Each structure stands twice: as structure tokens, then as C-alpha cells.
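Novice: have a look at this prediction, sequence included:
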Amino acid sequence: MRLDVVTIFPEYLDPLRAALLGRAIDRGLIEVGVHDLRNWTHDVHRAVDDAPYGGGPGMVMKPQIWGPALDEVCGENTRLVVPTPAGRPFTQAMAHQYAAEEHLVFACGRYEGIDQRVIDDAARRMPVDEVSIGDYVLVGGEAAVLVMVEAVVRLLPGVLGNARSAEEDSFSDGLLEGPSYTRPEVWRELAVPDVLRSGNHALIDRWRRDQALERTVRRRPELIGLLPEGSLDKHDLKV
Ligand SMILES: N#Cc1c(-c2ccc3ccn(Cc4ccc(CN5CCOCC5)cc4)c3c2)n[nH]c1N
């Protein structure tokens, strides 16, 4: 997979080259390009924004700059992803879809966002997703790209290694993950639940399922209604 990011703050994407993602790049599992949008400006001020038509707060990013940038960075098999507060919610299912893509280009807006014609023009030539990572307001798209790239790249074969597989993720069965514990057995007078030290793996699995169900009902009750038909067995229904 190749990932390209277009931004006016390329240094914001430096974390892409650290830790897990950096190792994935070093191992050739992904290629990453980060491009400074200002490289496509021509005026002495390297302007990328202008006042919004119709008035309103802030500035809008210029189509004459974004257009040539995306023309150059996008290819024949590109999916363009544009983070925006007005986007479709980014989900684990989308992360899986993106992990199957050959080439993802992320367009990071700033100010009040990118002139809509940039997205509409790109959509004539490639799939374009306007996506939001959550119901809160950021200052630009870069943080959202870091979140989405991490969620996508960790799903690629070989990235997580043998110690951990993405199949065991939270949400893989539609429930939140239950609590985790490690040594010591007692810490600040708080003990690890006895069942986890019982060695009875059937009981442990049941306990973990119960914990996941209880946590999901308490914290994200709306997820229960989204579970596929037949997901809950008769024991689950007693939880
Ligand atoms: N993903 C994601 C995001 C983003 C995100 C993503 C990309 C950009 C590019 C610019 N911004 C700043 C911005 C803030 C607010 C608004 C709305 N305005 C409407 C008129 O009144 C003022 C407010 C627009 C643009 C971005 C924010 N925020 N939250 C997410 N989950």
C-alpha cells in the first residue's frame, strides 16, 4: 500500500515515521509520501487560502492550489480521503476497507476547509470520502490523518506481528473490550479477579465475554442493537 498526505504542515506528519508505522515503512510494508501544499503555490506569499464567498468566519483553501497538487499526487488507483467535521464517521469497518486499497491520498485542510469544487472535481476521476473522526472540532485535518493511518496500517498483514492480531480487536465481535490485568497479583490492595488466575480457560473466556457485554451495555448501549442476528447466546442474555 502507498499512502500520500498533502498538508501545509508536513512536520505534523512526522509521527508517521515513528514506532509501529516507521517499522512498517522500513520493512517495505507501506510507502509514505508527505507533500507540502505550498509547493504548488506561485505567488511570493505562497497563499493557500482566500475569503469565503457569501461571507462567514475564517478563510477557505484555494482550488487553484489544491487542484494541481492532487493532479500530481493522485494516480489511477487512488482513493482520496478528505478529513472534515462534516464528514461521514470513520469506523473500524472503513479502516478495513481502506486497508485493502492500493493507494490512499489524504488531503489535510486547514482554516474553514477546502473549496468544495476540489472534492467535486476529484470525484470525477476517483473515489472520494469526506470523513470525520468524531463529533468534536479540530483545527485541521492532520490529527485526523494520523488517527486514520494508524487504524488502517495496523490492519495490514505483518504489521502487528505474531504477538497481536487485529482479529482480536475490540469491535471485532461488536463489543467493547473488557478489563485487562498483569502482575502483580495485588497492587495498592487491588487484586486481579480470581477467575483469571484459575487456569480454567472456559471460565476465563466466559468471564471476559460477560465483562465485554456489561461494559458495552454501560458505555455504548447503542452497539448492542447493531450486533448481527444471533450474536448473543442465552447466557449472554442473562448478563
Ligand atoms: N476529521 C475531522 C475533524 C475535523 C477537521 C478536519 C479537517 C479540517 C480542516 C479545517 N478544519 C477546521 C474547521 C473547524 C470547524 C469548521 C466548521 N466551521 C463551520 C462554520 O463555523 C465555524 C466552524 C470547519 C473547519 C478541520 C477540522 N474537526 N473535527 C473532526 N472530527
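Specialist: Alright, I've got the coordinates.

Novice: I119 and P127, how far apart?
Specialist: Distance from I119 to P127, counting by C-beta to C-beta, to the nearest Å: 11 Å. All C-beta spots, glycine's among them, are computed from the backbone N, C-alpha and C.

Novice: report whether V6 is found in a strand, as I expect.
Specialist: Yes - applying DSSP: H, G, I helix; E, B strand; the rest coil, one finds V6 inside a strand.

Novice: now the longest strand seen in the chain: buried residues?
Specialist: If you go by DSSP state E, the chain has its longest strand at strand 78-89. By 16 or more other C-beta atoms under 10 Å, the buried positions in strand 78-89 come out as 78-85, 87.

Novice: name the nearest of these relative to G158.
Specialist: Nearest to G158 among the buried residues of strand 78-89 is R79, at 21.5 Å by C-beta to C-beta.

Novice: return the distance of the closest one relative to M1.
Specialist: From R79 across to M1, the span is 11 Å (C-beta to C-beta).

Novice: so what's in contact with the two at the same time?
Specialist: Residues touching both R79 and M1 by C-beta atoms under 8 Å, 6 or more residues apart in numbering: 101, 103-104.

Novice: now G28: how far from G141?
Specialist: G28 sits 27 Å away from G141, going by C-beta to C-beta.

Novice: picking that back up, out of the shared contacts of R79 and M1, who has the most neighbours?
Specialist: In terms of neighbours by other C-beta atoms under 10 Å, the shared contacts of R79 and M1 top out with L104 at 22 neighbours.

Novice: checking my notes, it in a strand, right?
Specialist: Yes - according to three-state DSSP, L104 belongs to a strand.

Novice: just to check, it is in contact with M1?
Specialist: Yes - here L104 reaches M1: they are 7.1 Å apart, a contact under C-beta atoms under 8 Å.

Novice: ranges for the helices of this protein?
Specialist: Per DSSP state H, the chain carries helices over the ranges 19-26, 63-73, 92-99, 116-122, 142-153, 201-219, 221-224, 234-238.

Novice: export those helices to JSON lines and tack on distance to P179?
Specialist: Below are these laid out as JSON lines (distance: least, C-beta to C-beta, whole Å):
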{"stretch": "helix 19-26", "distance to P179": "24"}
{"stretch": "helix 63-73", "distance to P179": "43"}
{"stretch": "helix 92-99", "distance to P179": "20"}
{"stretch": "helix 116-122", "distance to P179": "42"}
{"stretch": "helix 142-153", "distance to P179": "22"}
{"stretch": "helix 201-219", "distance to P179": "6"}
{"stretch": "helix 221-224", "distance to P179": "17"}
{"stretch": "helix 234-238", "distance to P179": "18"}
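
Novice: before we move on, the earlier item: neighbour-wise, which of G28 and G141 wins?
Specialist: Each of G28 and G141 has its neighbours counted (other C-beta under 10 Å); G141 has more, 29 against 8.

Novice: need the contact list for that one.
Specialist: 7, 82-84, 106-110.

Novice: keep these, but drop any that are not near the ligand.
Specialist: The overlap between those and the neighbours of the ligand (C-beta under 6 Å from any ligand atom) comes to 83-84, 109-110.

Novice: and these, which is closest to W66?
Specialist: If you rank the ones next to the ligand among the contacts of G141 by distance to W66 using C-beta to C-beta, G109 comes first, at 8.8 Å.

Novice: tell me how far that closest one lies from A86.
Specialist: Counting by C-beta to C-beta, the separation of G109 from A86 is 11 Å.

Novice: then A18?
Specialist: Counting by C-beta to C-beta, the gap from A18 to A86 is 30 Å.

Novice: circling back to that earlier point, between which two of the buried residues of strand 78-89 is the distance greatest?
Specialist: Checking the buried residues of strand 78-89 with C-beta to C-beta, the most distant pair is T78 and P85, at 23.3 Å.
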